[in-house]
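Enquirer: Give me a model of this one.
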Amino acid sequence: MDRLRQRADFLAVANGARVNSPAFVLQSRRRDDSGPVRIGFTVTKKNGNAPERNRIRRRLRELMKRLDPTSMQPHHDYVLVGRKDALSRDFATMLDDLRIAFTKPARHPAKARGHRPGHAAATSRKPD
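Expert: Next comes the predicted model:
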């Protein structure tokens, strides 16, 4: 298992499938090469100051260490996006959440974020 370090790799995984949990979001993307499984961790600034974000990141890394590697699909990249609940959530519960996240069918995000098909545009009103 390798680590994701390049920003472009994180952005590519962000466009892939995702599974939500109270303490994290698991994002995944299948790669076309035959390389090993790669994992990335990210925690945004809205989750607290630097020590809190680092503690969340450490907890997420420890979760991955304790997870059975066979539950991950080969030739995939994964990113764990930490949430504020990762600080207070029981570690065993988080580990169960992660195991479930790897077995759940992933929810694919919509490609176009600004416009939803089937909905009228808000700019179609006539000016007064």
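
Enquirer: distance of the nearest residue to residue 24 once chain neighbours are set aside from residue 2?
Expert: Nearest residue to residue 24, sequence neighbours excluded (Cβ to Cβ, 6 or more residues apart in numbering): residue 80, at 5.1 Å. Glycine gets a C-beta too; all of them are placed from N, C-alpha and C. Note on residue 80: its distance to residue 2, by Cβ to Cβ, to the nearest Å, is 15 Å.

Enquirer: The residue nearest to residue 24 in helix, strand or coil?
Expert: Using DSSP: H, G, I helix; E, B strand; the rest coil, the structure places residue 80 in strand.

Enquirer: Next: residue 10.
Expert: Residue 10 - assigned by three-state DSSP - is helix.

Enquirer: Tell me how many other residues crowd the nearest residue to it once chain neighbours are set aside.
Expert: Once flanking residues are discounted, residue 10 sits nearest to residue 40: 5.6 Å by Cβ to Cβ, 6+ apart. Using other Cβ atoms under 10 Å, residue 40 is surrounded by 19 other residues.
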